[in-house]
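Visitor: need a structure here:
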Amino acid sequence: MYSFPHVHILDSDQFSHEDLDYIMRYTQRIEEMGKDVFGLLEGNVLASLFFESSTRTRLSFETAMNRLAGRVVSTVGFQFSSISKGETLYDTMKMIEAYADIAVIRHPVEGSSRIAAAAVNIPVINAGDGAGQHPTQALLDLYTIFKEKGKLQGLKIAFVGDLKFGRTIHSLVKLLAHYDVEMIFISPVDLALPESYRKDLRKHGVTFEEEEDIKALWDCDVAYITRIQEERFVDRSEYQRLKDSYAINRAFVLASRKPTLIMHPLPRVSELSTDVDDLPNAAYFRQAAYGVIVRMALLCICMGKEMP
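Guide: Okay, the predicted model is just below:
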(Lines give C-alpha, C1' and ligand atoms only; values in the text may rest on other atoms or scores of the structure.)
Protein backbone atom coordinates (compact mmCIF):
# COMPACT_ATOMS: atom_id res chain seq x y z
CA MET A 1 0.00 0.00 0.00
CA TYR A 2 1.33 3.44 -0.96
CA SER A 3 2.50 5.81 1.77
CA PHE A 4 3.79 9.32 1.00
CA PRO A 5 7.54 9.05 1.76
CA HIS A 6 8.53 12.70 2.30
CA VAL A 7 8.62 14.78 5.48
CA HIS A 8 9.49 18.05 3.71
CA ILE A 9 8.60 19.56 0.33
CA LEU A 10 11.79 21.23 -0.86
CA ASP A 11 12.14 20.74 -4.61
CA SER A 12 10.59 19.03 -7.60
CA ASP A 13 13.36 16.44 -7.84
CA GLN A 14 12.10 14.60 -4.77
CA PHE A 15 8.85 13.37 -6.35
CA SER A 16 8.20 10.12 -8.17
CA HIS A 17 5.35 9.63 -10.64
CA GLU A 18 3.50 7.78 -7.88
CA ASP A 19 3.99 10.72 -5.47
CA LEU A 20 2.56 13.13 -8.02
CA ASP A 21 -0.46 10.96 -8.74
CA TYR A 22 -1.12 10.73 -5.00
CA ILE A 23 -0.92 14.52 -4.57
CA MET A 24 -3.30 15.03 -7.51
CA ARG A 25 -5.82 12.52 -6.05
CA TYR A 26 -5.52 14.02 -2.57
CA THR A 27 -6.10 17.52 -3.96
CA GLN A 28 -9.15 16.34 -5.89
CA ARG A 29 -10.55 14.87 -2.69
CA ILE A 30 -9.96 18.11 -0.77
CA GLU A 31 -11.72 20.02 -3.56
CA GLU A 32 -14.67 17.60 -3.53
CA MET A 33 -15.08 17.95 0.25
CA GLY A 34 -15.60 21.70 0.11
CA LYS A 35 -16.23 23.16 3.56
CA ASP A 36 -16.16 19.69 5.14
CA VAL A 37 -12.35 19.99 5.26
CA PHE A 38 -12.69 22.45 8.15
CA GLY A 39 -11.12 20.91 11.23
CA LEU A 40 -8.60 18.61 9.54
CA LEU A 41 -5.66 20.51 11.07
CA GLU A 42 -7.37 21.96 14.14
CA GLY A 43 -4.88 22.53 16.95
CA ASN A 44 -1.88 22.83 14.63
CA VAL A 45 0.17 25.98 13.99
CA LEU A 46 1.76 27.01 10.69
CA ALA A 47 4.81 29.30 10.72
CA SER A 48 4.60 31.47 7.60
CA LEU A 49 8.13 32.79 6.98
CA PHE A 50 8.36 35.06 3.96
CA PHE A 51 11.74 36.77 3.76
CA GLU A 52 11.02 37.72 0.14
CA SER A 53 7.92 39.52 -1.16
CA SER A 54 4.85 37.47 -1.99
CA THR A 55 1.10 37.94 -2.39
CA ARG A 56 -0.44 34.75 -3.81
CA THR A 57 1.88 32.19 -2.24
CA ARG A 58 1.82 33.67 1.27
CA LEU A 59 -1.90 34.39 1.35
CA SER A 60 -2.85 31.06 -0.21
CA PHE A 61 -0.82 29.11 2.37
CA GLU A 62 -2.29 31.13 5.21
CA THR A 63 -5.81 30.81 3.77
CA ALA A 64 -5.26 27.06 3.33
CA MET A 65 -4.27 26.65 6.99
CA ASN A 66 -7.21 28.75 8.18
CA ARG A 67 -9.66 26.73 6.08
CA LEU A 68 -8.34 23.58 7.74
CA ALA A 69 -8.98 25.20 11.17
CA GLY A 70 -5.28 25.54 11.96
CA ARG A 71 -3.58 28.72 13.20
CA VAL A 72 -0.91 30.87 11.53
CA VAL A 73 2.03 32.79 12.98
CA SER A 74 4.06 34.82 10.52
CA THR A 75 6.95 37.10 9.71
CA VAL A 76 7.34 39.09 6.51
CA GLY A 77 10.66 40.51 5.32
CA PHE A 78 14.07 40.54 6.98
CA GLN A 79 13.38 43.85 8.71
CA PHE A 80 10.75 42.26 10.95
CA SER A 81 12.84 39.28 12.05
CA SER A 82 16.00 38.83 14.12
CA ILE A 83 17.86 37.96 10.90
CA SER A 84 18.12 41.76 10.49
CA LYS A 85 20.19 41.71 13.70
CA GLY A 86 22.56 39.05 12.39
CA GLU A 87 20.78 35.89 13.53
CA THR A 88 21.42 32.94 11.23
CA LEU A 89 18.62 31.16 9.40
CA TYR A 90 19.55 28.01 11.31
CA ASP A 91 19.03 29.72 14.68
CA THR A 92 15.80 31.32 13.49
CA MET A 93 14.45 27.90 12.50
CA LYS A 94 15.41 26.37 15.85
CA MET A 95 13.17 28.99 17.47
CA ILE A 96 10.37 28.45 14.96
CA GLU A 97 10.38 24.76 15.85
CA ALA A 98 9.37 25.71 19.38
CA TYR A 99 6.41 27.76 18.15
CA ALA A 100 4.92 25.82 15.22
CA ASP A 101 4.07 22.34 13.96
CA ILE A 102 4.95 23.03 10.32
CA ALA A 103 6.77 25.85 8.50
CA VAL A 104 6.54 27.42 5.06
CA ILE A 105 9.55 29.49 3.98
CA ARG A 106 10.35 31.84 1.11
CA HIS A 107 13.89 33.18 1.00
CA PRO A 108 15.96 35.01 -1.66
CA VAL A 109 18.94 32.64 -1.32
CA GLU A 110 18.90 29.46 -3.38
CA GLY A 111 19.14 26.37 -1.16
CA SER A 112 17.86 28.16 1.94
CA SER A 113 14.91 25.80 2.37
CA ARG A 114 17.31 22.88 2.81
CA ILE A 115 19.18 24.77 5.53
CA ALA A 116 15.83 25.44 7.21
CA ALA A 117 14.71 21.81 6.97
CA ALA A 118 18.03 20.50 8.32
CA ALA A 119 17.65 22.64 11.44
CA VAL A 120 14.30 21.30 12.64
CA ASN A 121 12.19 18.22 13.30
CA ILE A 122 8.98 19.68 11.88
CA PRO A 123 7.94 19.61 8.19
CA VAL A 124 9.27 22.46 6.06
CA ILE A 125 7.75 23.52 2.75
CA ASN A 126 9.77 25.55 0.26
CA ALA A 127 7.70 28.51 -1.00
CA GLY A 128 10.48 29.68 -3.33
CA ASP A 129 14.22 30.03 -2.84
CA GLY A 130 15.83 32.69 -5.01
CA ALA A 131 16.24 31.56 -8.61
CA GLY A 132 16.13 27.93 -7.43
CA GLN A 133 12.80 26.13 -7.23
CA HIS A 134 9.18 26.70 -6.28
CA PRO A 135 7.75 23.20 -5.88
CA THR A 136 4.29 24.09 -4.56
CA GLN A 137 3.74 26.46 -7.50
CA ALA A 138 4.71 23.60 -9.82
CA LEU A 139 2.26 21.26 -8.09
CA LEU A 140 -0.60 23.75 -8.42
CA ASP A 141 0.39 24.28 -12.06
CA LEU A 142 0.26 20.53 -12.62
CA TYR A 143 -3.16 20.38 -10.99
CA THR A 144 -4.35 23.29 -13.14
CA ILE A 145 -3.35 21.48 -16.33
CA PHE A 146 -5.05 18.31 -15.09
CA LYS A 147 -8.27 20.14 -14.18
CA GLU A 148 -8.43 22.32 -17.28
CA LYS A 149 -7.33 19.76 -19.90
CA GLY A 150 -8.65 16.64 -18.18
CA LYS A 151 -5.32 14.82 -18.48
CA LEU A 152 -1.57 15.14 -18.06
CA GLN A 153 -0.45 12.74 -20.77
CA GLY A 154 -0.06 13.47 -24.47
CA LEU A 155 0.00 17.26 -24.24
CA LYS A 156 2.17 19.80 -26.04
CA ILE A 157 3.23 22.54 -23.62
CA ALA A 158 4.99 25.83 -24.38
CA PHE A 159 7.01 27.83 -21.86
CA VAL A 160 7.45 31.49 -22.75
CA GLY A 161 9.63 34.31 -21.39
CA ASP A 162 12.25 34.10 -18.66
CA LEU A 163 13.35 30.47 -18.76
CA LYS A 164 16.77 31.23 -17.25
CA PHE A 165 15.70 32.66 -13.88
CA GLY A 166 12.08 31.44 -13.78
CA ARG A 167 11.94 29.11 -10.78
CA THR A 168 8.29 28.28 -11.48
CA ILE A 169 9.31 26.94 -14.89
CA HIS A 170 12.33 25.09 -13.48
CA SER A 171 10.10 23.27 -11.02
CA LEU A 172 7.23 22.51 -13.41
CA VAL A 173 9.55 21.17 -16.12
CA LYS A 174 10.89 18.62 -13.64
CA LEU A 175 7.40 17.45 -12.71
CA LEU A 176 6.22 17.20 -16.31
CA ALA A 177 9.23 15.02 -17.14
CA HIS A 178 7.32 12.20 -15.40
CA TYR A 179 4.60 12.35 -18.08
CA ASP A 180 4.34 11.72 -21.80
CA VAL A 181 4.44 15.35 -22.94
CA GLU A 182 6.21 17.44 -25.55
CA MET A 183 7.69 20.79 -24.52
CA ILE A 184 8.60 23.92 -26.46
CA PHE A 185 10.82 26.54 -24.82
CA ILE A 186 10.30 30.02 -26.29
CA SER A 187 12.67 32.74 -25.12
CA PRO A 188 15.42 35.15 -26.13
CA VAL A 189 18.77 33.36 -26.33
CA ASP A 190 19.94 35.27 -23.25
CA LEU A 191 17.07 33.85 -21.19
CA ALA A 192 17.12 30.25 -22.43
CA LEU A 193 16.48 27.30 -20.15
CA PRO A 194 19.71 26.36 -18.32
CA GLU A 195 21.56 23.33 -19.67
CA SER A 196 21.09 21.39 -16.41
CA TYR A 197 17.33 21.28 -17.01
CA ARG A 198 17.72 20.34 -20.67
CA LYS A 199 20.08 17.55 -19.63
CA ASP A 200 17.51 16.27 -17.15
CA LEU A 201 14.81 16.21 -19.84
CA ARG A 202 17.06 14.24 -22.19
CA LYS A 203 17.72 11.75 -19.38
CA HIS A 204 13.96 11.22 -19.01
CA GLY A 205 13.52 10.88 -22.78
CA VAL A 206 11.31 13.98 -23.02
CA THR A 207 10.89 15.52 -26.48
CA PHE A 208 11.53 19.26 -26.49
CA GLU A 209 12.31 22.12 -28.88
CA GLU A 210 13.80 25.57 -28.38
CA GLU A 211 12.37 28.53 -30.29
CA GLU A 212 12.67 32.29 -30.42
CA ASP A 213 9.45 32.80 -32.41
CA ILE A 214 6.52 33.17 -30.03
CA LYS A 215 4.10 31.99 -32.73
CA ALA A 216 5.31 28.46 -31.97
CA LEU A 217 2.83 28.36 -29.09
CA TRP A 218 -0.08 28.42 -31.57
CA ASP A 219 0.34 24.65 -32.00
CA CYS A 220 0.34 23.93 -28.27
CA ASP A 221 -2.29 22.68 -25.84
CA VAL A 222 -0.91 24.80 -23.00
CA ALA A 223 1.15 28.01 -22.95
CA TYR A 224 2.88 28.95 -19.69
CA ILE A 225 3.74 32.66 -19.83
CA THR A 226 6.21 34.30 -17.45
CA ARG A 227 7.37 37.84 -16.83
CA ILE A 228 10.97 38.94 -17.26
CA GLN A 229 12.00 39.29 -13.61
CA GLU A 230 13.74 42.59 -12.90
CA GLU A 231 14.76 41.43 -9.41
CA ARG A 232 16.92 38.61 -10.84
CA PHE A 233 19.11 40.92 -12.97
CA VAL A 234 22.39 42.35 -11.70
CA ASP A 235 22.65 44.61 -14.77
CA ARG A 236 19.51 46.78 -15.07
CA SER A 237 20.31 47.64 -18.69
CA GLU A 238 20.02 43.94 -19.55
CA TYR A 239 16.57 43.88 -17.99
CA GLN A 240 15.49 46.96 -19.97
CA ARG A 241 16.72 45.33 -23.18
CA LEU A 242 14.82 42.08 -22.62
CA LYS A 243 11.72 43.00 -20.58
CA ASP A 244 9.36 43.37 -23.54
CA SER A 245 10.76 40.50 -25.60
CA TYR A 246 7.42 38.72 -25.73
CA ALA A 247 3.96 40.09 -25.11
CA ILE A 248 0.64 38.23 -25.40
CA ASN A 249 -2.62 39.99 -26.20
CA ARG A 250 -6.16 38.96 -27.12
CA ALA A 251 -5.62 39.04 -30.89
CA PHE A 252 -2.54 36.85 -30.59
CA VAL A 253 -4.34 34.26 -28.44
CA LEU A 254 -7.33 34.14 -30.80
CA ALA A 255 -4.98 33.49 -33.73
CA SER A 256 -3.89 30.18 -32.17
CA ARG A 257 -4.68 27.02 -34.13
CA LYS A 258 -5.87 25.40 -30.90
CA PRO A 259 -7.81 26.59 -27.83
CA THR A 260 -4.42 26.98 -26.12
CA LEU A 261 -4.74 27.15 -22.35
CA ILE A 262 -3.03 30.33 -21.15
CA MET A 263 -1.31 30.02 -17.76
CA HIS A 264 0.79 32.51 -15.81
CA PRO A 265 2.17 32.24 -12.23
CA LEU A 266 1.56 35.98 -11.67
CA PRO A 267 2.33 38.76 -11.01
CA ARG A 268 2.26 40.00 -14.57
CA VAL A 269 3.61 43.25 -15.96
CA SER A 270 3.48 43.93 -19.71
CA GLU A 271 3.91 40.38 -21.02
CA LEU A 272 0.20 39.46 -20.72
CA SER A 273 -2.46 41.99 -21.69
CA THR A 274 -5.60 42.40 -19.58
CA ASP A 275 -7.68 42.02 -22.76
CA VAL A 276 -6.96 38.27 -22.55
CA ASP A 277 -8.60 37.96 -19.12
CA ASP A 278 -12.16 37.22 -20.22
CA LEU A 279 -11.25 34.54 -22.76
CA PRO A 280 -12.42 31.06 -21.66
CA ASN A 281 -8.93 29.61 -22.11
CA ALA A 282 -7.33 32.28 -19.87
CA ALA A 283 -6.71 30.12 -16.81
CA TYR A 284 -4.33 32.17 -14.66
CA PHE A 285 -6.84 33.43 -12.10
CA ARG A 286 -8.33 29.93 -11.77
CA GLN A 287 -4.73 28.70 -11.51
CA ALA A 288 -4.18 30.98 -8.49
CA ALA A 289 -7.42 29.74 -6.90
CA TYR A 290 -6.33 26.11 -7.32
CA GLY A 291 -3.27 27.11 -5.29
CA VAL A 292 -5.29 27.23 -2.06
CA ILE A 293 -6.71 23.73 -2.64
CA VAL A 294 -3.32 22.24 -3.53
CA ARG A 295 -1.68 23.84 -0.50
CA MET A 296 -4.45 22.57 1.76
CA ALA A 297 -3.66 19.08 0.49
CA LEU A 298 0.09 19.56 0.97
CA LEU A 299 -0.32 20.82 4.54
CA CYS A 300 -2.44 17.78 5.38
CA ILE A 301 -0.03 15.38 3.69
CA CYS A 302 3.01 16.84 5.45
CA MET A 303 1.19 16.65 8.79
CA GLY A 304 0.62 12.94 8.20
CA LYS A 305 -3.12 13.09 7.58
CA GLU A 306 -4.47 10.15 5.59
CA MET A 307 -6.53 11.04 2.53
CA PRO A 308 -10.02 11.87 3.91
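Visitor: got the contact list for the nearest residue to C302 once chain neighbours are set aside?
Guide: Distances taken as CB to CB, 6 or more residues apart in numbering place P123 nearest to C302, at 4.0 Å, with adjacent residues excluded. (Each C-beta comes from the backbone N, C-alpha and C, glycine too.) By CB atoms under 8 Å, 6 or more residues apart in numbering, the residues touching P123 are 7-9, 102-103, 302-303.
Visitor: What residues does the nearest residue to K305 once chain neighbours are set aside make contact with?
Guide: Taking CB to CB, 6+ apart, and ignoring the residues beside it in sequence, K305 has L40 as its nearest neighbour in space, at 6.0 Å. Shown in contact with L40 (CB under 8 Å, 6+ apart): 68-69, 300, 305, 308.
Visitor: Kindly reformat these as JSON lines and extend each row with secondary structure and pLDDT.
Guide: Listed next are the contacts of L40 as JSON lines, based on DSSP: H, G, I helix; E, B strand; the rest coil; pLDDT from 0 to 100:
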{"residue": "L68", "secondary structure": "coil", "pLDDT": "98"}
{"residue": "A69", "secondary structure": "coil", "pLDDT": "97"}
{"residue": "C300", "secondary structure": "helix", "pLDDT": "98"}
{"residue": "K305", "secondary structure": "coil", "pLDDT": "96"}
{"residue": "P308", "secondary structure": "coil", "pLDDT": "88"}
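Visitor: just the buried members of the residues you listed?
Guide: Neighbour counting by 16 or more other CB atoms under 10 Å classes 68, 300 among the contacts of L40 as buried.
Visitor: one step back: filter the contacts of P123 down to the ones in helices?
Guide: Among the contacts of P123, the members found in helices (DSSP state H) are C302.
Visitor: Closest one of the contacts of P123 to A282?
Guide: For those, the closest approach to A282 (CB to CB) belongs to I9, at 28.3 Å.
Visitor: ranges for the strands of the stretch 201-308 of the chain?
Guide: 207-211, 222-225, 261-263 (DSSP state E, counting those that start in this stretch).
Visitor: highest average neighbour count across those?
Guide: strand 222-225 (a mean of 26; mean count of other CB atoms under 10 Å).
Visitor: State the phi and psi torsions of the residue nearest to K305.
Guide: As for L40, its main-chain torsions (degrees, to the nearest 10) stand at phi -60, psi -30.
Visitor: before we move on, what about G128?
Guide: Torsion angles, degrees, to the nearest 10, at G128: phi 120, psi 120.
Visitor: any idea which residue sits dead centre in the chain?
Guide: The centroid of the chain falls nearest to Q137 when counting by CA atoms, centre = their mean (1.4 Å).
Visitor: Check which helix or strand that residue maps to.
Guide: helix 135-149 (DSSP states H and E).
Visitor: okay but P188 is in contact with I214, surely?
Guide: No - between P188 and I214 there is no contact under CB atoms under 8 Å: 10.5 Å.
Visitor: Of the two, which one has the most company?
Guide: Neighbours per residue, other CB atoms under 10 Å: of P188 and I214, the larger number sits with I214, 19 against 16.
Visitor: State the distance from the nearest residue to the more buried one once chain neighbours are set aside to A131.
Guide: For I214, ignoring the flanking residues on the chain, the nearest one in space by CB to CB, 6+ apart is Y246 at 5.0 Å. Note on Y246: its distance to A131, by CB to CB, to the nearest Å, is 19 Å.
Visitor: higher neighbour count, these two?
Guide: Between Y246 and A131, Y246 has the larger neighbour count (other CB under 10 Å), namely 25 against 19.
Visitor: which ones are touching the more buried one?
Guide: 160-161, 186-187, 214, 225, 271.
Visitor: try 10 Å
Guide: With contact taken as CB atoms under 10 Å, 6 or more residues apart in numbering, Y246 is in contact with 160-162, 186-188, 191, 212-214, 217, 225-228, 252, 270-272.
Visitor: Now the buried members of these.
Guide: For the contacts of Y246, buried by 16+ other CB under 10 Å: 160-162, 186-188, 191, 214, 217, 225-228, 252, 271-272.
Visitor: which among those gets closest to S112?
Guide: D162 (20.8 Å).
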